[in-house]
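Student: for reference, the sequence and a predicted model appear below.
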Amino acid sequence: MERIDTCIREIHGDRHDMTFTTKGSGLRLSSSLASSLAIAINELVWNSCVHGFDPEEKGSIAVEATAANGIEIEFRANGKGIPEEFDLERDAKAGLSIVRNMVARDFNGRLILRRKGGTTATITWAPSSAPAGWACFWGCIRHV
């Protein structure tokens, strides 16, 4: 999460007056899965910066990783939010379609978008359904 936080700040920090926060520790992924997750988070941040906030608007973006009954990466941006009628299957442009497909393929997981005080995107996958190459140290099953 620290590396993703640093990259987010380097890539997007000068575009808006944004506050970026990350929270979570203990999740360990193979380099290929970590790369997939970083690409997914970057696309969510990019979409928020481009579509969710006006150029001079201050905003905040938070990414939090948790593990209980599965792994959950929650992304929250307090901007305009996705349109009320937005449907990920129907309305996603190339970037979100790639993220949705990458999450399904690489993690055997799901991407869920909802309007909640801006936009909340949740990437989830169950330890038992994840492909080989990931490890979680929050007391869940280790799979490498």
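Tutor: In hand now; what should we look at?

Student: the residue nearest to residue 27 when sequence neighbours are not counted: how many residues sit nearby?
Tutor: Spatially, and ignoring its direct neighbours in sequence, residue 27 is nearest to residue 65 (5.1 Å; C-beta to C-beta, 6 or more residues apart in numbering). C-beta: built from backbone N, CA, C; applies to glycine. Residue 65 has 20 neighbours, counted by other C-beta atoms under 10 Å.

Student: distance check, residue 65 against residue 94.
Tutor: Distance of residue 65 to residue 94, given as C-beta to C-beta, to the nearest Å: 26 Å.

Student: got any ranges where this protein has weak pLDDT?
Tutor: 1-5, 7-9, 11-16, 25-26, 127-144 (pLDDT under 70).

Student: ok, now with 80
Tutor: 1-18, 25-30, 50, 54-57, 68-69, 88, 92, 127-144 (pLDDT under 80).

Student: so which residue is smack in the middle of it?
Tutor: residue 41 (3.8 Å; C-alpha atoms, centre = their mean).

Student: how about that one, secondary structure?
Tutor: helix (DSSP: H, G, I helix; E, B strand; the rest coil).

Student: and residue 56, by the same measure?
Tutor: Once three-state DSSP is applied, residue 56 turns out coil.

Student: how close does the residue nearest to it when sequence neighbours are not counted sit to residue 57?
Tutor: Closest residue to residue 56 apart from its sequence neighbours, by C-beta to C-beta, 6+ apart: residue 17 at 7.6 Å. Distance, residue 17 to residue 57, by C-beta to C-beta: 8 Å.

Student: same deal with residue 82?
Tutor: Counting by C-beta to C-beta, the gap from residue 82 to residue 57 is 16 Å.

Student: so which of the two has more stuff around it?
Tutor: Per other C-beta under 10 Å, whichever of residue 82 and residue 57 has more neighbours is residue 82, with 24 against 13.

Student: what residue in the chain is the furthest from its centre?
Tutor: Quick read of the chain (C-alpha atoms, centre = their mean): farthest out is residue 56, 23.9 Å.

Student: all set, thanks.
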